[in-house]
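Student: Sequence first, predicted coordinates after that:
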Amino acid sequence: MISIIDYGMGNLSSVYKALKHLNADVTITDKVSEIRKSRAVILPGVGHFGDGMKNLKESGMVAAVQESIAADKPFLGICLGMQLLMEESEEAPGIEGLGIFKGKVVRFKKSSLKVPHMGWNDITMKKRNSCLKGIKDGTFFYFVHSYYVSPDDAEISVATCNYGVDFAACLGKGNIFATQFHPEKSQDAGLQILKNWIS
């Protein structure tokens, strides 16, 4: 069973529907016991970094996430779910993230570009990753975010995107894969990534 963590931060149904479309055995759950029994875990999310960490802590999911990753279960972070893997965010000063990866989440600087970064944008491949199998350099995905991940270790950034600045579009290390874009809203290319992750 693949578990999608329900911690009150949105976009659960679209992720669920995308995985069911791929015939995955998937459930949405807010129960720590179910997360611990799952063979794979997804941390989705839309919204504020501080609210996300607050909800994870109050639901007891922080330990469940950390245990799942430590147990080498396939783990997928989407949008806010990717940002929460970092140590901190400019969106919520003083709030500790999950700290799975060293680094922080920063806001797009003021420029002629509108913030949030919303809509379709292309990615540039940086490293090979099984979750990106069949995805060509320059493929477009759907983004909605005002902040982006800046990891200390550039090697975990397996694909980047440019929106006034190059930023990590995908992180990958060991059993962890995460996307700043929404694969569940990115049509065929997004479904390909989800299919790769499932397999």
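Tutor: Good, I have the coordinates. Residues are numbered from 1 along each chain as shown.
Student: residue furthest from the geometric center of the protein?
Tutor: Going by Cα atoms, centre = their mean, the residue of the chain most distant from its centre is Ser112, 26.8 Å out.
Student: And the helices in the protein, which stretches?
Tutor: With helices called from DSSP state H, the chain shows them at 12-21, 32-37, 49-59, 61-70, 80-83, 187-198.
Student: and the residue farthest from the centre of the chain, how far is that from Phe143?
Tutor: Look at Ser112 and Phe143: by Cβ to Cβ, to the nearest Å, they are 18 Å apart. C-beta: built from backbone N, CA, C; applies to glycine.
Student: Point out where the chain drops to low pLDDT.
Tutor: Of all residues in the chain, none has pLDDT under 70.
Student: how about the strands in it?
Tutor: 2-5, 26-29, 40-43, 75-78, 88-89, 103-107, 117-125, 140-145, 147-151, 157-162, 166-173, 176-179 (DSSP state E).
Student: just to revisit the earlier point, reformat the helices of the chain as TSV; add mean neighbour count and distance to Gly119.
Tutor: Formatted as TSV, the helices of the chain follow (neighbours: other Cβ atoms under 10 Å; distance: least, Cβ to Cβ, whole Å):
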stretch	mean neighbour count	distance to Gly119
helix 12-21	17	16
helix 32-37	15	33
helix 49-59	18	22
helix 61-70	18	29
helix 80-83	26	18
helix 187-198	18	13
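Student: Looking at those helices, which is nearest to Phe177?
Tutor: Of all the helices of the chain, it is helix 187-198 that lies closest to Phe177, at 6.0 Å by Cβ to Cβ.
Student: Could you list the residues in contact with the closest one?
Tutor: Residues from elsewhere that reach helix 187-198 (Cβ atoms under 8 Å, 6 or more residues apart in numbering): 2, 18-19, 21-22, 24, 40, 74, 76, 130-135, 139-142, 177, 179, 181-184, 186.
Student: ok now do Met1, which residues does it touch?
Tutor: 25-27, 34, 37-39.
Student: what does Lys133 give?
Tutor: 192, 196.
Student: doesn't Pro44 make contact with Phe75?
Tutor: No - using Cβ atoms under 8 Å as the test, Phe75 is too far from Pro44 to be in contact (11.9 Å).
Student: Counting neighbours around each, name which of the two comes out higher.
Tutor: Pro44 (26 against 22; other Cβ atoms under 10 Å).
Student: Please name the nearest non-neighbouring residue to that one.
Tutor: Spatially, and ignoring its direct neighbours in sequence, Pro44 is nearest to Ile78 (4.5 Å; Cβ to Cβ, 6 or more residues apart in numbering).
Student: Who does that neighbour form a beta bridge with?
Tutor: On the basis of DSSP bridges, Ile78 is bridged to Thr179.
Student: Out of the strands of the chain, the one nearest Asn55 is which?
Tutor: Nearest of those to Asn55, taken as Cβ to Cβ: strand 2-5 at 9.9 Å.
Student: For the closest one, which residues meet the burial criterion?
Tutor: For strand 2-5, the buried set under the neighbour-count rule, 16 or more other Cβ atoms under 10 Å, comprises 2-5.
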